[in-house]
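[1] Below is the structure, and that's it, no one-letter string:
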């Protein structure tokens with residue numbers, strides 16, 4: 001059940017609760033607490049006086065604490081079970097952290113695309129408008145007005161070309177197909 005919940009992409013809390021349930025059942029209902037950073041601890045089972053905790057670390061994500069009979073070490077089988085359950089829980093946490101990081105990167109890319117499309121839309125619209133003015137009103141414009149429109153079209157086209165060149169350079173840097181050369185500037 002632990003592996004199935006982890007493989008199905010269930011929330012980490014669901015996987016943690018299944019780990020706690022499994023370990024509590026294997027210790028006749030002893031209290032099991034799964035503590036993960038950034039989440040409320042999940043506790044299953046009843047605390048029994050005179051028992052001590054067996055702790056399995058989930059470095060760096062948290063730990064599992066299982067009450068066990070004092071005075072005798074837990075069985076090798078139980079230790080292996082607890083370690084494997086902890087390993088599966090650790091994989092679930094790591095997977096979740098990876099999904100969060102991926103979602104953050106996608107959000108950043110979406111924001112970049114939105115900003116770039118806005119930055120490209122303005123000069124392209126201006127170029128289109130000025131070109132249509134030149135085309136449609138050849139008799140109404142003076143030679144100086146036509147030169148001014150042509151100069152502005154050229155300026156907007158250069159600005160758009162620089163933006164596209166910067167985006168191409170950024171893409172090459174991000175994909176490792178271009179080496180970054182650094183130098184000290186004073």
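    Thanks, I have the structure now. Keep in mind that what you see is a predicted model, and the values were worked out from it rather than measured.
[2] Next one: the most centrally placed residue in the chain relative to residue 23, how far apart?
    Centroid check for the chain by Cα atoms, centre = their mean gives residue 101 as the closest residue, at 1.4 Å. Remark: distance between residue 101 and residue 23 (Cβ to Cβ, to the nearest Å) = 29 Å. All C-beta spots, glycine's among them, are computed from the backbone N, C-alpha and C.
[3] So for residue 42, what's the pLDDT?
    Reported pLDDT at residue 42 in the predicted model: 90.
[4] And the helices in the protein?
    In the chain, helices defined by DSSP state H lie at 2-7, 12-26, 76-136, 143-174, listed in chain order.
[5] What is the neighbour count of residue 140?
    8 (other Cβ atoms under 10 Å).
[6] which of the helices of the chain sits most buried?
    helix 12-26 (a mean of 21; mean count of other Cβ atoms under 10 Å).
[7] from memory residue 55 sits against residue 63, does it?
    Yes - applying Cβ atoms under 8 Å, one finds residue 55 in contact with residue 63, separated by 5.6 Å.
[8] The two: who's more crowded?
    Set residue 55 next to residue 63 and count neighbours by other Cβ under 10 Å: residue 63 wins out with 17 against 12.
[9] For that one, name its beta-bridge partners.
    Beta-bridge pairing for residue 63 (DSSP bridges): residue 35, residue 57.
[10] ok, it - contacts?
    34-35, 55-57 (Cβ atoms under 8 Å, 6 or more residues apart in numbering).
[11] Distance check, it against residue 117.
    When distance is defined by Cβ to Cβ, residue 63 is 47 Å away from residue 117.
[12] count of residues packed around residue 68?
    Counted with other Cβ under 10 Å, residues neighbouring residue 68 total 19.
[13] in the sheet, who's paired with it?
    Residues in beta-bridge contact with residue 68 (DSSP bridges): residue 52.
[14] quick one: residue 179 from residue 170, how far?
    14 Å.
[15] Residue 100 too?
    24 Å.
[16] repeat for residue 51
    To residue 170, residue 51 is 59 Å away according to Cβ to Cβ.
[17] Same check on residue 139?
    According to Cβ to Cβ, residue 139 and residue 170 sit 45 Å apart.
[18] and if you look at residue 151?
    Counting by Cβ to Cβ - residue 151 and residue 170 are separated by 29 Å.
[19] what do you get for residue 128?
    In terms of Cβ to Cβ, residue 128 sits 26 Å off from residue 170.
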